[in-house]
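Visitor: I need the structure of the sequence given here:
(chains A and B)
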Amino acid sequence: MAVINNKKSRVGGEVPMSSTADIAFLLLIFFLVTTTFPKDKGLAIVLPEEAEEVQVSQKNILHLIIQANGLVDVKRGESQQVQTMRAAEIESLWRQEVAANPNLIAAVKTDPTAPYKFMVDVLDALHSANAERISLQVLEN
Amino acid sequence: MSMKGGFKRKNKASEEIPSSSLADIAFLLLIFFMVTTVFQRDKDRRIEWTEAEAAQKIDEKQKNILNIWMERDGAIFINDQEYQMAEVSQVVGPLYAASDRALVISIRGDREVPYRFMDQVQKELVAAGVVRVVFATQLEQSMQRERR
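Guide: Numbers count the residues shown, from 1 in each chain, chains lettered A, B, ... in the order given. Next up, the predicted model:
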């Protein structure tokens, strides 16, 4: 009886150390695997190279003129007809226009005093409509 | 007798690998990597972000992304340092060349910054030969859009 008693108390007396390493490595691997760094998001564009002038016929250009108050004047190529709309409406407009003319280029001209967010709104609408040929300019008076 | 007993004890000790120090090694590794890891990132400026629904993740390694911050008054910050508009192409040009033309410029502008500053920055970047530019935005939820 005395012998059994003695053995029992010895087992409980020390904490098992051999598994601490496993726990540490498990923690290490867990955090290695679950750590994700937040990737930046944004609207990508490709800038033209310096002194790269491309002549585009007017009928392939859709002019989007962003006014200082955020409204957008839409002008098709050489026609003088101007249609004013909100930035959110441009997505469906672009889809219609590009279906009619696949070579269409969006020329976004922003008023120099217009807040940057209005340009982003229009660019967002164009990206949502999968527009690829976009030219960013500043409106010259 | 006592010699024999001592020999026996020694033999017993070498039979198993000492595992109690493995934990120390693991923690040492953990701490070593924690201390030596440096994230090369500039501090965030206080800007009000623009939001876009079509915003996509920038498909480039973090070290190939250069942030250009533009505050509401048109102040430009690159790598925690303020620059004048005319200096941007001189600052970005060498960095772009050093990155083997892989650098992506992330323009982080305040939503209220007048567009003429953005246009000037773009012209500076064109002068520096940069091709890939991202207008950094936050992702807009479509719920938010409908409310507007």
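
Visitor: show me the contacts for residue 101.
Guide: Looking at chain A here, since you left the chain open. A:Lys59, A:Asn60 (Cβ atoms under 8 Å, 6 or more residues apart in numbering or on different chains). Where C-beta positions appear, they are placed from N, C-alpha and C, glycine not excepted.

Visitor: Sorry, I should have been clearer: chain B.
Guide: B:Arg101 touches B:Gly129, B:Val131, counting by Cβ under 8 Å, 6+ apart.

Visitor: does it belong to a helix or a strand, and which?
Guide: Of the helices and strands defined by DSSP states H and E, none includes B:Arg101.

Visitor: Now do the domain split for chain B, please.
Guide: Domain assignment for chain B by automatic domain parsing gives B:2-36, B:51-146.

Visitor: and the longest helix along chain B, what does it pack onto?
Guide: Assignment by DSSP state H gives helix B:22-36 as the longest helix of chain B. The contact analysis (3 or more Cβ pairs under 8 Å, 6 or more residues apart in numbering or on different chains; DSSP states H and E) places helix B:22-36 against helix A:20-34.

Visitor: Same question for the helix it packs on: list its buried residues.
Guide: Within helix A:20-34, the residues that count as buried by 16 or more other Cβ atoms under 10 Å in any protein chain shown are A:Thr20, A:Ala21, A:Ala24, A:Phe25.

Visitor: which one among the residues you listed gets closest to B:Asp100?
Guide: Nearest to B:Asp100 among the buried residues of helix A:20-34, counting by Cβ to Cβ, is A:Phe25 at 37.6 Å.

Visitor: From chain A, how far off is the residue most central in space within chain B?
Guide: Central residue of chain B (Cα atoms, centre = their mean): B:Arg41, 4.4 Å from the mean position. For B:Arg41, the distance to chain A equals 10 Å [Cβ to the nearest Cβ, to the nearest Å].

Visitor: outside of the longest helix of chain B, which residues touch it?
Guide: Helix B:22-36 is contacted by residues A:Met17, A:Ser18, A:Thr20, A:Ala21, A:Ile23, A:Ala24, A:Phe25, A:Leu27, A:Leu28 when judged by Cβ under 8 Å, 6+ apart.

Visitor: one step back: out of the buried residues of helix A:20-34, show me where the pLDDT dips lowest.
Guide: Ranked by pLDDT, those bottom out at A:Ala21 (76).
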